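**Student:** Okay, here's the prediction I keep looking at, along with the sequence it came from:
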Amino acid sequence: MNYELRTFIGISRLKNSIDRKSNILVKEYGLSLSQFAVMEALFHRGDMCIGDVKDKILSSSGTMPVIVRNLKKKNLISSYKDKDDKRREILILTEEGKELIEEIFPKNEDIIRESFDGLSKEEVKDMIRLLRKLGV
């Protein structure tokens, strides 16, 4: 039996299940999952350049301009040029964006938490420890 493959498939299915539920939630607020991910990154990490956000949310560079443009149109983020490097654009949440992410994030956190209801706290801690051991 290939336990590594079974583990990988299980982790992938768990992530897909969480993404499906999260997608339903964020669509209720007129967002895509990628847009939510950008807002969540800015909410928790603060102002960041586009490249750092892209790396944080594991997005391709080709999709970031569309995500950023659409969030700006909705007045959920804004940007400014980095004073030290004018080529870099720094993204920030607007007040409207902060209010929205403060409303959505706890609901998404509940979705994630509920996905682990079948495990004890110790089992979740073991999973974290094992993932870290793998460099994740």
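**Tutor:** Sure thing, it's come through. Everything numeric here is computed off the predicted structure, so don't read it as measured data.
**Student:** Give the buried residues for the helix or strand hosting Arg20.
**Tutor:** Remark: Arg20 resides in helix 3-27, with elements defined by DSSP states H and E. Taking 16 or more other C-beta atoms under 10 Å as the neighbour-count basis, helix 3-27 is seen to contain the buried residues Ile18, Ser22, Leu25, Val26. Backbone N, C-alpha and C define where each C-beta goes, glycine included.
**Student:** Isn't the last one up against Ser32?
**Tutor:** Yes - with contacts defined as C-beta atoms under 8 Å, Val26 counts as touching Ser32 at a distance of 6.9 Å.
**Student:** For the protein, which segments are assigned as helices?
**Tutor:** Using DSSP state H, the helices of the chain run over residues 3-27, 33-45, 50-57, 64-73, 95-115, 121-133.
**Student:** re earlier: what is the helix holding Arg20 packed up against?
**Tutor:** In this structure, helix 3-27 makes packing contacts with helix 33-45, helix 95-115, judged by 3 or more C-beta pairs under 8 Å, 6 or more residues apart in numbering; DSSP states H and E.
**Student:** What distance do you get for Lys98 to Leu134?
**Tutor:** Counting by C-beta to C-beta, to the nearest Å, the gap between Lys98 and Leu134 amounts to 34 Å.
**Student:** who's more crowded, those two?
**Tutor:** Counted by other C-beta atoms under 10 Å, Lys98 and Leu134 do not tie: Lys98 has more neighbours, with 15 against 6.
**Student:** Leaving out chain neighbours, which residue sits closest to the more buried one?
**Tutor:** Beyond its immediate neighbours in the sequence, the residue positioned closest to Lys98 (C-beta to C-beta, 6 or more residues apart in numbering) is Phe43, lying 7.0 Å away.
**Student:** For the one you found, list the residues it contacts.
**Tutor:** Taking C-beta atoms under 8 Å, 6 or more residues apart in numbering, we find Phe43 in contact with Leu93, Lys98, Ile101, Glu102, Phe105.
**Student:** I'm done for today, thanks for sticking with me.
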